[in-house]
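In: Fold the following for me, if possible:
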Amino acid sequence: MNFRLLGNRVNPLFSNTFVLAPHVVSFKPVNNCDMNASFFDKHSIRLIQAPMAGSQNHRLAAAVFLAGGLGSIPAAMLTTEQLQTELSAFEDAIASLTDIPLQWGGCLPVNVNFFCHTPPTEQLEKEAAWRQQLTPLYQAHGIDPQSVGSGPGRAPFSEESLKLMGQFKPAVVSFHFGLPKAEWVQQLKSWGIQIWSSATTVQEAQWLEQEGVDAVIAQGLEAGGHRGMFLSEDLSTQMGCLALLPQICKAVKLPVIAAGGISTAAAVSAAKALGANAVQVGTAFLTSHEATTSALHRQALMSDAAKHTALTNLFSGRPARGIVNKFMRDFGPLNPEAPAFPLATSAVAPLRAAAEAKGQSDYSPLWSGQNASDCQALPAADIAHKLLQGWT
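Out: Numbers count the residues shown, from 1 in each chain. Predicted coordinates:
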């Protein structure tokens, strides 16, 4: 898909005084989008907005891109049709701001992120037992326990996803929980698409290098949302970003992206000093104007409650970091009775909806990294500019 930024129309998503970032207006031309390890230098990309399913759409990705970073669109909770709509909307959002053609060799300048977990086998008995434990909560909120459904809440990368990536050819396709089928990865690479994936240990980074990824995202223990761990379920193997990052940089020859606890320019500088080629930031963007984060979630992020986060499997069945709330306190953040990922999602969904309708976040997944102290209600561009000061 070759595309051009057409017209000079005013986009209501952005200020009329918006200043385009250097990597938007003065690209180093590339012949195609088969970018190697120099991707970050070629496109002056040092900041990646972390994909945050349920808290963002194309608006945040476009705002970060136009401010000098690389935006991400999370696909795990979208149907193929919804993802197609998001990618088209992203293309439109950046096309309306300038008539300068993007020199990305026909690639759409965005990171599309997918989960690539193996769906679990049926756990009907375990799901039923878990819903039985939650029955008093259902009754307290006027929910008929028999009406609570089952099934996954997130879908892995699929053949349909692959076809859509062939249509749009994003500059980057990134994965969480390892990689999908090798033939799918090779097909993506044959289109010149960069392949990135998260590593939470040195061993995972080395495995990803052997499988041919173009860059490794070193996800520290501080990071919000789901842990990307895939070679082991042992949480004792997980370490903080400042410990993990230099070890991965030493162990692999690939570009490394630092993720976890990075919310200030000083933290960006620290990651750069430890060998990172770029940083990935999520929590700091959750309270941006362009994020779709709920009012309750925003309130929690900018309150003292955000000082206490924990890894929990209650909301999805897999360890993910969020702000501790009533559900986590009452059932323990890591409960072995919760169904496997992503089957646990359906059991808590009606409780979440009922509580949020009353203005309560007791059963909501309040994803957050360990450092939300710098969260502010600002345009995403302002947040990006502050962070990028740490790379200069």
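
In: rest of the way, CA atoms for contacts and neighbours
Out: Will do.

In: Report the contact partners of Leu388.
Out: If you count contacts by C-alpha atoms under 8 Å, 6 or more residues apart in numbering, Leu388 has them with 46-47, 265, 268.

In: between those residues, which has the most around it?
Out: Val268 (29 neighbours; other C-alpha atoms under 10 Å).

In: Look at that one and report its pLDDT.
Out: Looking at Val268, its pLDDT reads 98.

In: Skipping its backbone neighbours, what lies nearest it in space?
Out: Nearest non-adjacent residue to Val268, counting by C-alpha to C-alpha, 6 or more residues apart in numbering: Gly390, 5.1 Å away.

In: just to revisit the earlier point, inside helices: which ones of the contacts of Leu388?
Out: 265, 268 (DSSP state H).

In: Of the contacts of Leu388, just say which sits nearest to Ser174.
Out: Distance to Ser174, by C-alpha to C-alpha, is smallest for Leu47 among those, at 14.8 Å.

In: ok, back up a step: of the contacts of Leu388, closest to Ala243?
Out: Of those, the one sitting nearest to Ala243 (C-alpha to C-alpha) turns out to be Val268, at 14.9 Å.

In: Show the contacting residues for that closest one.
Out: Counted by C-alpha under 8 Å, 6+ apart, Val268 has contacts 262, 279, 387-388, 390-391.

In: Go through these and flag which are in strands.
Out: Members of the contacts of Val268 lying in strands (criterion: DSSP state E): Val279.

In: Give me the buried subset of the contacts of Val268.
Out: Using 16 or more other C-alpha atoms under 10 Å as the burial test, the contacts of Val268 include 262, 279, 387-388, 390-391 as buried.

In: Could you identify the pair within the contacts of Val268 that is furthest apart?
Out: Farthest-apart pair in the contacts of Val268 is Ile262 and Trp391; separation 12.5 Å (C-alpha to C-alpha).

In: Kindly reformat the contacts of Leu388 as a markdown table containing distance to Gly275.
Out: As requested, the contacts of Leu388 are exported to a markdown table (distance: C-alpha to C-alpha, whole Å):
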| residue | distance to Gly275 |
| --- | --- |
| Arg46 | 12 |
| Leu47 | 14 |
| Ala265 | 16 |
| Val268 | 11 |
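
In: Among the contacts of Leu388, which pair sits farthest apart?
Out: Of all pairs in the contacts of Leu388, the most separated under C-alpha to C-alpha is Arg46 and Ala265 at 11.9 Å.

In: list residues touching both of the two?
Out: Joint contacts of Arg46 and Ala265 (C-alpha under 8 Å, 6+ apart) are 388, 391.

In: quick one, domains of the chain?
Out: 1-117+155-302+375-392, 123-153+303-374 (automatic domain parsing).

In: Could you tell me the per-residue confidence at Ala95?
Out: pLDDT, read off for Ala95, is 84.

In: number of nearby residues for Thr121?
Out: 8.

In: Doesn't it lie inside a helix?
Out: No: counting by DSSP: H, G, I helix; E, B strand; the rest coil, Thr121 falls outside a helix, being coil.

In: What's the separation between it and Pro319?
Out: 19 Å (C-alpha to C-alpha, to the nearest Å).

In: quick one: the strands in this structure?
Out: 47-49, 72-74, 108-115, 170-176, 194-199, 215-219, 225-226, 256-259, 278-281, 309-312, 320-323.

In: From the centroid of this protein, which residue is nearest?
Out: Taking C-alpha atoms, centre = their mean as the criterion, Pro51 is the residue nearest the geometric centre of the chain, at 2.2 Å.

In: how near is that residue to Gly282?
Out: Pro51 is 7 Å from Gly282, by C-alpha to C-alpha.

In: now do Ser198
Out: 14 Å.

In: Settle it for me: which of those two has more neighbours?
Out: Higher neighbour count among Ser198 and Gly282: Ser198, with 28 against 24, using other C-alpha under 10 Å.

In: Identify the residues contacting the closest residue in space to that one that isn't next to it in sequence.
Out: The spatial neighbour of Ser198 that comes closest, neighbours along the chain excluded (C-alpha to C-alpha, 6+ apart), is Ile217 at 4.5 Å. Applying C-alpha under 8 Å, 6+ apart to Ile217 gives the contacts 196-199, 256-259, 280.

In: where does the stretch 151-300 of the chain have low pLDDT?
Out: Where the stretch 151-300 of the chain drops to pLDDT under 70, the residues are 151-153.

In: which residues of it fall in helices?
Out: 159-168, 182-190, 202-210, 241-251, 265-273, 295-301 (DSSP state H, counting those that start in this stretch).

In: Gly332: which of the contacts of Leu388 is nearest?
Out: Looking across these and measuring by C-alpha to C-alpha, the closest to Gly332 is Val268, at 33.4 Å.

In: Next one: that closest one from Lys181, what distance?
Out: Counting by C-alpha to C-alpha, the gap from Val268 to Lys181 is 33 Å.

In: cool, Ser368 as well?
Out: For Ser368, the distance to Lys181 - C-alpha to C-alpha - is 30 Å.

In: Between those two, point out the one with more neighbours.
Out: Ser368 (29 against 11).

In: And for the nearest residue to that one once chain neighbours are set aside, the neighbour number?
Out: The shortest distance from Ser368 to any non-neighbouring residue, by C-alpha to C-alpha, 6+ apart, is to Gly224 (4.3 Å). By the criterion of other C-alpha under 10 Å, Gly224 has 30 neighbours.

In: Hmm, Trp367 and Gly224 touching each other?
Out: Yes: using C-alpha atoms under 8 Å, Gly224 and Trp367 qualify as a contacting pair, with a distance of 5.6 Å.

In: Low-confidence regions, the stretch 1-150 of the chain specifically.
Out: Ranges of the stretch 1-150 of the chain meeting pLDDT under 70: 1-37, 96-103.

In: Swap in 80 and give it another go.
Out: Counting by pLDDT under 80, the stretch 1-150 of the chain contains low-confidence ranges at 1-37, 96-105, 122, 150.

In: Now do the helices in it.
Out: Going by DSSP H, counting those that start in this stretch, the stretch 1-150 of the chain shows helices at 22-25, 39-42, 58-66, 80-95, 124-140.
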